[in-house]
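Undergrad: Quick one, what's the 3D model for this:
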Amino acid sequence: MKLLVIPKVYPRASVIGGPILIHHRIRNLSQMGYDITVLAPATSEEDHNDTSLTPFCDDIILIDSPGKRSADEIAELQTRLNRPPFFLAGDGGYDARLDDTLRSLLTRHHFDAVIAEYSMMGQYIEGMQPAIPYDTMTIISVHECYTQAFRQRVEKGEEIPAETIDELYEYEFRMYRAADHVLTLTGEDRDTVISLAPDLAGKIHVVPHGVDSAFYTPPPSKSWDSQNILFLGNFRHHPNVNAVHNFMQHCWPEISKEVPEACFYAIGFDPPDELLAYQNERVIVREGGTHDDVRHIYWTGDVFVSPIELGGGFRGKMLEALSCGLPTVSTHLSAFGIDPVNGKEMYVTDNYKEFTRHVVSLLTDRELRKTMSAMARRLGERFDHKEAAKKLHATIEKHRTTP
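TA: Got it, this is the predicted structure:
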């Protein structure tokens, strides 16, 4: 079966966050017999030089990302394409060269299915109708419902014009209606999409991502003497920036007083100045390294925190932290799709006084930390990436057109 995957970021093995989950998906589908072509934006020389996906793909086509666009360029594209500015800039923002390459691929080759990884890339499926062959299944994998994310930001006090959200909603759901099938990473995300567009209920399927639990197995020599708190994420993604603010404003003052030796590490891609401003001898904000480096960052942590209040989807960093045996304290939103036993496998609360109390307890009670670490590890193992790929395969097989 021939599959074309269009991700908004090239999913090389050394990139942290969502792309590594797509990397696992491609690798496992390849090992299940799929012939896979990847068409993706390239944002760096590392993308062009990477070979980590090569053994699992028939072809990899990288198109240099256009990078930042001026307001005038975005306005011109908006007028010409009739799409919100959100879809025209940033990671995966519209690129005519990628669009042309996709059209050429669909003309020269027959694919059984095309998967747009991240809703951002669904614009190529919507914009290419009806040129896509009738027997090529089109799928949009929704990592986050953008309309819901913007509404959450308004609820938190951010000023976003109502017409901006209405425009976003109209186009986002036009994309979903144009696709044959829509994947969400959690049941909660499925319910969100259906609440916004009940007519889509018949084409939505829950297909979670997974984690390479063997890769993250912590070494037996782990020390229990440190008191390091960790948050990890791509800081180009607004919910991750907001999460660090939440922790620093609502939790860190009390934790730093109760546990004077504690340190907080906020590690990730492209941390903005507003987060770098928090830095001192006990608060470390810095760029993350390679995927292997991130594994060692997890291993040197003692408690993982995920105070996320915005967005949706499946938090890959949660699965990675759990697979590393990191005791975890999380908001309910961040734990979507994991369904942990609260207080046993991890702590889940939206009350920051409780959140703070759980972190302090884990830092100061070594035996509790060891117990929660073992439970976290077992929870992470339930989400191995091979099982996630099997669910996607079953969904494709059930719905694909047969000769």
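Undergrad: For the stretch 1-150 of the chain, which segments count as helices?
TA: Listed in chain order, the helices of the stretch 1-150 of the chain (DSSP state H, counting those that start in this stretch) span 18-31, 45-49, 71-81, 96-108, 122-127, 146-155.
Undergrad: Please apply the same query to the stretch 301-403 of the chain.
TA: Using DSSP H, counting those that start in this stretch, helices in the stretch 301-403 of the chain cover 316-323, 352-364, 366-381, 385-399.
Undergrad: Tell me if I am right that Phe264 is in a strand.
TA: Yes. Phe264: assigned to a strand according to DSSP: H, G, I helix; E, B strand; the rest coil.
Undergrad: Grab the nearest non-local neighbour of it.
TA: Ile229 (4.6 Å; Cβ to Cβ, 6 or more residues apart in numbering). (Glycine included, C-beta is placed from N, CA and C.)
Undergrad: For the one you found, give its distance to Leu362.
TA: With the distance defined as Cβ to Cβ, to the nearest Å, Ile229 ends up 9 Å from Leu362.
Undergrad: what's the domain layout of this structure?
TA: Split into domains by automatic domain parsing, the chain comes to 2-210+385-399, 228-381.
Undergrad: Between the two ends of stretch 171-190, what distance do you get?
TA: With Cα to Cα, to the nearest Å applied, stretch 171-190 spans 18 Å between its terminal residues.
Undergrad: ok so, going back, next, show the common contact partners of Ile229 and Leu362.
TA: Shared contacts of Ile229 and Leu362, defined by Cβ atoms under 8 Å, 6 or more residues apart in numbering, comprise Asp302, Val303.
Undergrad: now the strands for the protein?
TA: 2-7, 35-42, 59-64, 113-117, 137-142, 181-184, 204-206, 228-232, 263-268, 283-287, 303-306, 328-330, 347-348 (DSSP state E).
Undergrad: Which one of the helices of the stretch 301-403 of the chain lies nearest to Lys2?
TA: Counting by Cβ to Cβ, Lys2 lies closest to helix 385-399 out of the helices of the stretch 301-403 of the chain; the figure is 11.5 Å.
Undergrad: closest to Leu276 out of the strands of the chain?
TA: Of the strands of the chain, nearest to Leu276 by Cβ to Cβ is strand 283-287, at 5.3 Å.
Undergrad: And for the closest one, what's in contact with it?
TA: For strand 283-287, contacts defined as Cβ under 8 Å, 6+ apart pick out 244, 248, 252, 263-271, 275-276, 278-279.
Undergrad: That strand to strand 228-232, inter-axis angle?
TA: 30 degrees (axes from the mean of the first three to the mean of the last three Cα atoms, to 10 degrees).
Undergrad: Now strand 283-287: buried residues?
TA: Residues Val283, Val285 are the ones in strand 283-287 that count as buried (16 or more other Cβ atoms under 10 Å).
Undergrad: Report the angle between that strand and strand 263-268.
TA: Using the same axes, to 10 degrees, one finds that strand 283-287 and strand 263-268 are set 20 degrees apart in direction.
Undergrad: quick one: pLDDT of Gln129?
TA: Reported pLDDT at Gln129 in the predicted model: 83.
Undergrad: go on, the one 4 residues further on?
TA: Reading off the per-residue confidence, Pro133 sits at a pLDDT of 91.
Undergrad: Identify the residues contacting it.
TA: Pro133 sits next to Leu106, His110 when contact means Cβ under 8 Å, 6+ apart.
Undergrad: and the lowest-mean-pLDDT helix or strand in the chain, how far out from the chain's middle?
TA: Within the chain, no helix or strand scores below helix 291-300, which has a mean of 77 by mean pLDDT, DSSP states H and E. Mean-position distance between helix 291-300 and its chain equals 18 Å (Cα atoms, centre = their mean, to the nearest Å).
Undergrad: who touches it?
TA: Everything outside helix 291-300 that qualifies as a contact, by Cβ under 8 Å, 6+ apart, is 13-16, 20, 215-216, 218-219, 222, 226, 228, 230, 232, 265, 267, 288-289, 304, 320-321, 324, 326.
Undergrad: on that earlier part again, same list (the helices of the stretch 1-150 of the chain) but as CSV, adding distance to Gly210.
TA: Below are the helices of the stretch 1-150 of the chain laid out as CSV (distance: least, Cβ to Cβ, whole Å):
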stretch, distance to Gly210
helix 18-31, 6
helix 45-49, 23
helix 71-81, 35
helix 96-108, 27
helix 122-127, 22
helix 146-155, 23
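Undergrad: Does Ile160 touch Arg153 like I think?
TA: Yes. If you go by Cβ atoms under 8 Å, Ile160 and Arg153 touch, sitting 6.2 Å apart.
Undergrad: more crowded one of those two?
TA: The neighbour count for Ile160 versus Arg153, taken as other Cβ atoms under 10 Å, is higher for Arg153 (19 against 12).
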